[in-house]
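In: Structure of the sequence below:
(chains A and B)
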Number of protein chains: 2
Amino acid sequence: MGKTVYFGQIGKLKRDMIEEYDTLHANCWPHIRKLIQDCNLQNYSIFRHEDMVFSYFEYTGDDFDADMAKMAADEENQRWWEHTHPCFEKYAYGDAEYYLDMKQIFYNE
Amino acid sequence: MGKTVYFGQIGKLKRDMIEEYDTLHANCWPHIRKLIQDCNLQNYSIFRHEDMVFSYFEYTGDDFDADMAKMAADEENQRWWEHTHPCFEKYAYGDAEYYLDMKQIFYNE
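Out: Numbers count the residues shown, from 1 in each chain, chains lettered A, B, ... in the order given. Purely as a prediction, here's the structure:
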């Protein structure tokens, strides 16, 4: 088990897909919920203000790239992304297609 | 001890105060770190992308208003805010002077 790494990510939704994104996440598929945990992403929240979404999670594994590859290879997750990705205004922040990693500038236990 | 409540807040910095805000939080005063915990705010992160800041914390107490009043009444915290508040572009998001509470639309343990 690695040291916990804290992720904060910003993304921007298409104005007419805000309700769809909320609804999808209010009814997230059980397989996706389990997959997130199996890929060592814990304490995962998404917050929204208007078209801005912010994703927070803690990575507790020891090979982030391998865990993200496992997530990307999962067929049900690919179907999930077919629903969620079209909600995004791509490349709204920095060079990220969907969520952009922000820099953690403060932490207090 | 109350049920944990997850907070995600967005704020906007003045362009010429970004470095100051980073530096303040990289050198946060020990009294402020302890006060945050004494006011039942745990697992507190601030993330930044350009002039956008995102604040995440978990409230574990049972009287949020009383704990926030305790924080606001603390004299050293008032001095801390004299340093941090001028960094903000006020009322950038919604009706909040500094950080605006976002809506939590997803949670996974």
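In: which bits of chain A sit near chain B?
Out: Within chain A, the positions near chain B by CB under 8 Å from any CB of the partner chain are A:6, A:8, A:10, A:21-22, A:25-26, A:28, A:33, A:36-37, A:41-49, A:52-54, A:56, A:93-94, A:100, A:102-109. Every residue, glycine included, has its C-beta placed from N, CA and C.
In: among the residues you listed, which ones are buried?
Out: Buried by 16 or more other CB atoms under 10 Å in any protein chain shown: A:8, A:10, A:21-22, A:25, A:28, A:36, A:41, A:43-49, A:52-54, A:56, A:93, A:100, A:102, A:104-106, A:108, out of the residues of chain A next to chain B.
In: Just the residues contacting stretch A:13-24, thanks.
Out: A:48, A:50-53, A:83-84, A:86-89, B:105 (CB atoms under 8 Å, 6 or more residues apart in numbering or on different chains).
In: and with 6 Å instead?
Out: A:51, A:83-84, A:87, A:89, B:105 (CB atoms under 6 Å, 6 or more residues apart in numbering or on different chains).
In: Out of those residues, grab the one that's most surrounded.
Out: Of the contacts of stretch A:13-24, residue A:87 is surrounded by the most neighbours, 22 neighbours in total, counting by other CB atoms under 10 Å in any protein chain shown.
In: can you give me the strands in chain A?
Out: Applying DSSP state E to chain A gives strands spanning A:5-12, A:41-49, A:52-59, A:100-101, A:103-108.
In: So in that sheet, which strands flank the fourth one, and in what orientation?
Out: Take DSSP bridges as the rule and strand A:100-101 pairs in its sheet with strand A:5-12 (antiparallel).
In: what residue is smack in the middle of chain A?
Out: residue A:55 (5.6 Å; CA atoms, centre = their mean).
In: Verify the contact between that one and residue A:46 for me.
Out: Yes: Residue A:55 lies in contact with residue A:46 (CB atoms under 6 Å); the separation is 5.1 Å.
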